[in-house]
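1. whatever this is, show me its structure:
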Amino acid sequence: MEIAERVKETPRSEDRREIIDVAKKNPSKSPKAIVEVVKKQRKEKLTVDLTERVANALAKACEKYKSNAKDIALEAIEEWLEGRGFLE
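-> Below you'll find the predicted structure:
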């Protein structure tokens, strides 16, 4: 139950997924320790130039899903990579 609370308190959907993944792999760790593991994981920065058409579509998606461009882009990249077998 504490893990669910930590997930709920976490703003980024990617961090939420990471919390769940780390918790599954480390069931003996405390919720606080799991959140610390996720925070320490290295994240790569990527800058992407978007066409106006794609930028407008992304803005609409952000508004519709009450999310931000970074989270939506990350989810799209993850789904693309998973669909092609690069990410498990």
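
2. helices of this structure, start to end?
-> 2-9, 13-25, 31-40, 52-65, 69-83 (DSSP state H).

3. which elements pack onto the fourth one?
-> Contact analysis of helix 52-65 by 3 or more Cβ pairs under 8 Å, 6 or more residues apart in numbering; DSSP states H and E lists helix 69-83 as its packing neighbours. Every C-beta, even on glycine, is put in place using the N, C-alpha and C of the backbone.

4. and the helix it packs on with helix 52-65, angle?
-> In terms of direction (axes from the mean of the first three to the mean of the last three Cα atoms, to 10 degrees), helix 69-83 departs from helix 52-65 by 100 degrees.

5. so which bits of helix 69-83 are buried?
-> Asp71, Ile72, Ala73, Leu74, Glu75 (16 or more other Cβ atoms under 10 Å).

6. that one packs against which elements?
-> helix 13-25, helix 52-65.

7. rewinding a little: how about the helices of the chain in JSON lines, adding mean pLDDT?
-> Shown next, in JSON lines, are these (pLDDT from 0 to 100):
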{"stretch": "helix 2-9", "mean pLDDT": "65"}
{"stretch": "helix 13-25", "mean pLDDT": "79"}
{"stretch": "helix 31-40", "mean pLDDT": "84"}
{"stretch": "helix 52-65", "mean pLDDT": "96"}
{"stretch": "helix 69-83", "mean pLDDT": "91"}
